[in-house]
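Student: sequence plus predicted model, see below.
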Amino acid sequence: MDSACIKHTDLPETSKLFGDLLYNFARVAKFYAHDPSQAASFDAAAKQIQYPAERRAAMAKALAGQNPPSELLTRFAQPETVVVVTGQQVGLFGGPAYTIYKALTAAKLAANLTARGISAVPVFWMATEDHDFAEVNHTWVFNGDGHPARVGVEAAVVGQRPAGEYPVPHPPIDELRAAMTGFPETDAVIAAVKDAYRPGVTMGSGFRALVLKLLERVGVLVLDPLDPAIRAIGAPLMAEAVTKAPALKSALLARGQDLSEAGYHAQVLVEEKTSLFFLLDKGQRTTLRLKDSECATLAARAADVSPNALLRPVWQDFMLPTIAYVGGPGELAYFAQSAVLYRELLGRMPVMLPRACFTVLDARSEKLMKRFGLSLPDLMVPGDALREKIAQQLVPATLGADFESTRAAVTENLDYLRAKLMEFDPTLAAAMEKSRTKVQYQVEKMKRKTARESLRRDERASADTSYLRGVVYPEGHLQERLHSILPFLAKYGMELVDKLYAEVKPECPDHRVITL
């Protein structure tokens, strides 16, 4: 297995804030508590944790109710043990591949910290409370020809019901199998999925069972915040939050202004009317429409109050002795806003660490990229642009040279003619400049047409283009952000999880390209 690193700033859609967090921390130091690139940051974060014994005992009991017996549970219950937290929405069949990459990063960092003398265990926070069912009711896979396919479930959306509680009467196992044809280990993967997603399973429980199965050799604890025992543990923090709602809103509005003045943008829009809270009531998660000054009336119902995206991590880290949070680009960006809530409610903030980011290539993809002279960023362009890039490589070398010599000759002759016109009549020289542009455009246009004709004649190259696009940058997304981990497991075997775990390097923030 070969690997190579690409900086996130060389990939499309990387925010300036995320890029500076990874590569220029001094620029964002006022928005985060710890530099993730420094080992001393973890020591400092560990010293700031104050986690009462009674809270640890209650959480250990709650986690034991959600996880099979393990050495991780035993260690969590011990004083001084800290946790590395990550999390994700409960997408069908595990959601995008980066869900597993997050968990692997948390597990590797916890193992590294433990080896350094800081006892740590990984905890995966299942975002079962989120109520956007359309975001989690499907997954994307691909087949042996690289063709992507969407596999989903349908359900009557009832108000703002927490997505984790939606039942799946008939999990689309057969559809999943049909969409992953052409792989040697499909049967093994389907067996694992079928065991986790039995008829009638909820989105949350199916997700938990599958994640635990896929990560059983690595080891991770899962946490479902809809569990009444978990909500009871977090109620004191939520009671304080609703009481301090006006101050929290003011702090967030000020932080948004600070980010703007520093040249960044707020990941989560916060306005005067923005609510930091939802209410779990009668199976619904409804947005609170109370004024900030009225939120304190909910303190007695704190266990039923659900936080928004900015408050959620603070609530989470009140319940857990968190030393570090592993997140994706968007998440880590909005922690720059959450930092003010950490300050007001918790008095500490964990280290914010990027998850492992992978693009997995097979031998065919690597060979094609070399043949066409393409790098990973070259593939991350609109489909037409990619076809143009590949088409250029198919033009016969002699014809390509002829185009270049013609372009150079035309440019030279036009330059000569313009100089002569300048001596004769400057106004004609100005008109000549417009004509020059048109002539050069026509030469380039013919060159592009020739390239497209080369691609049309080379049917295999056209198929190769489609294959590369489908596997490496499907539907215009990074591979890890669209495709499930399942087709990769079907292609390379269940042991791929162990191989990826070995490739996780928390100290390296770059995107990794892995060839299998």
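Tutor: Ah, there it is.
Student: contacting residues for A302?
Tutor: Neighbouring residues of A302 by Cβ atoms under 8 Å, 6 or more residues apart in numbering: A235, P236, M238, A239, V242. From N, CA and C alone the C-beta is placed, and that goes for glycine too.
Student: which of these sits closest to T105?
Tutor: M238 (28.2 Å; Cβ to Cβ).
Student: isn't the closest one up against N308?
Tutor: No - assessed by Cβ atoms under 8 Å, M238 is found out of contact with N308, at 11.8 Å.
Student: more neighbours, these two?
Tutor: The residue with more neighbours, out of M238 and N308, is M238; 25 against 15, by other Cβ atoms under 10 Å.
Student: am I right that that one sits in a strand?
Tutor: No - counting by DSSP: H, G, I helix; E, B strand; the rest coil, M238 is located in no strand; its state is helix.
Student: just say helix, strand or coil for the closest residue to it other than its chain neighbours.
Tutor: Spatial nearest neighbour of M238, excluding adjacent residues (Cβ to Cβ, 6 or more residues apart in numbering): A302 at 4.1 Å. Using three-state DSSP, the structure places A302 in helix.
Student: contact partners for the residue nearest in space to the middle of the chain?
Tutor: For the chain, G328 is the residue whose C-alpha lies nearest the centre (Cα atoms, centre = their mean; 4.4 Å). If you count contacts by Cβ under 8 Å, 6+ apart, G328 has them with Y98, K102, P354, R355.
Student: what is the nearest of these to V193?
Tutor: Y98 (18.3 Å).
Student: hmm, that closest one is touching E480, no?
Tutor: Yes - in terms of Cβ under 8 Å, Y98 counts as a neighbour of E480; the distance is 4.4 Å.
Student: any shared contact partners between those two?
Tutor: C357.
Student: quick one: low-confidence ranges for this protein?
Tutor: 1, 383, 394-403, 450-459 (pLDDT under 70).
Student: do you know how far the residue nearest to M238 is from F278?
Tutor: 13 Å (Cβ to Cβ, to the nearest Å).
Student: re the thing from before, for the residue nearest to the centre of the chain, grab phi and psi.
Tutor: phi -90, psi 180 (degrees, to the nearest 10).
Student: what does T99 give?
Tutor: The phi/psi pair for T99 (degrees, to the nearest 10) is phi -60, psi -50.
Student: buried by neighbour count: which residues of stretch 210-225 qualify?
Tutor: 210-212, 214-215, 218-225 (16 or more other Cβ atoms under 10 Å).
Student: of the contacts of A302 - the most surrounded one?
Tutor: M238 (25 neighbours).
Student: how about the contacts made by that residue?
Tutor: A302, A303, V305, P307, W315.
Student: any idea how far the fourth one is from L248?
Tutor: Translated: P307. 11 Å.
Student: name the residues contacting each of the two.
Tutor: A241, L276.
Student: contact partners of stretch 413-427?
Tutor: L428, A429, M432, E433, R436, V439, Q440.
Student: how close does the fifth one sit to D415?
Tutor: With distances taken as Cβ to Cβ, R436 is found 8 Å from D415.
Student: and the third one, by the same measure?
Tutor: Separation of M432 from D415 (Cβ to Cβ) stands at 10 Å.
Student: looking at the two, which one has more neighbours?
Tutor: M432 (19 against 11).
Student: the helix or strand containing that one: what's the following helix or strand?
Tutor: Under the criterion of DSSP states H and E, M432 resides in helix 426-457. Following helix 426-457 in sequence order, the next helix or strand is helix 459-472 (DSSP H and E).
Student: so that following helix versus helix 426-457, what angle?
Tutor: If you take axes from the mean of the first three to the mean of the last three Cα atoms, to 10 degrees, helix 459-472 sits at 90 degrees to helix 426-457.
Student: mind giving me the packing neighbours of helix 459-472?
Tutor: strand 357-361, helix 363-371, helix 376-379, helix 383-394, helix 426-457 (3 or more Cβ pairs under 8 Å, 6 or more residues apart in numbering; DSSP states H and E).
Student: state the distance from the residue lying farthest from the centre of the chain to Y416.
Tutor: In terms of distance from the mean C-alpha position of the chain, F424 ranks first, at 62.7 Å (Cα atoms, centre = their mean). Counting by Cβ to Cβ, the gap from F424 to Y416 is 13 Å.
Student: cool, and A62?
Tutor: 82 Å.
Student: who has more neighbours out of the two?
Tutor: Set A62 next to Y416 and count neighbours by other Cβ under 10 Å: A62 wins out with 20 against 10.
Student: ok, now which ones touch that one?
Tutor: A62 neighbours (Cβ under 8 Å, 6+ apart): L223, D227, A229, I230, I233.
Student: which of those fall in helices?
Tutor: A229, I230, I233 (DSSP state H).
Student: which strand or helix spans the nearest residue to the first one once chain neighbours are set aside?
Tutor: It stands for A229. Leaving out its chain neighbours, the residue that sits closest to A229 by Cβ to Cβ, 6+ apart is A62, at 4.1 Å. For A62, the host element (DSSP H and E) is helix 53-66.
Student: quick check: next helix or strand after that helix?
Tutor: helix 71-76.
Student: other residues contacting that next one?
Tutor: 56, 59-60, 63-64, 67, 81, 83, 119, 121-122, 219-221.
Student: quick one: the strands in the stretch 1-150 of the chain, in order.
Tutor: 2-6, 82-88, 120-126, 138-142, 148-152 (DSSP state E, counting those that start in this stretch).
Student: follow-up on the earlier one: let's have the helices and strands packed on helix 459-472 in TSV, adding distance to K7.
Tutor: Below are the helices and strands packed on helix 459-472 laid out as TSV (distance: least, Cβ to Cβ, whole Å):
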stretch	distance to K7
strand 357-361	11
helix 363-371	18
helix 376-379	10
helix 383-394	21
helix 426-457	30
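Student: looking at the ones you listed, which is buried most?
Tutor: Highest mean neighbour count among those (mean count of other Cβ atoms under 10 Å): strand 357-361, with a mean of 23.
Student: ok so, going back, and of the contacts of stretch 413-427, the nearest to L176?
Tutor: Nearest member of the contacts of stretch 413-427 to L176, counting by Cβ to Cβ, is Q440, at 52.2 Å.
Student: with adjacent residues omitted, what lies nearest to E475?
Tutor: Nearest to E475 is L482, by Cβ to Cβ, 6+ apart, at 5.7 Å.
Student: that neighbour against T139, yeah?
Tutor: No - contact criterion Cβ under 8 Å: L482 and T139 do not qualify, at 9.3 Å.
Student: so for the two, which sits in the more crowded spot?
Tutor: Taking other Cβ under 10 Å, L482 and T139 do not tie; T139 has more neighbours (27 against 20).
Student: residue contacts, the more buried one?
Tutor: So T139 contacts G91, L92, F93, G94, G95, P96, R150, V151, G152, L176, S484, L486 (Cβ under 8 Å, 6+ apart).
Student: nothing else from me, thank you.
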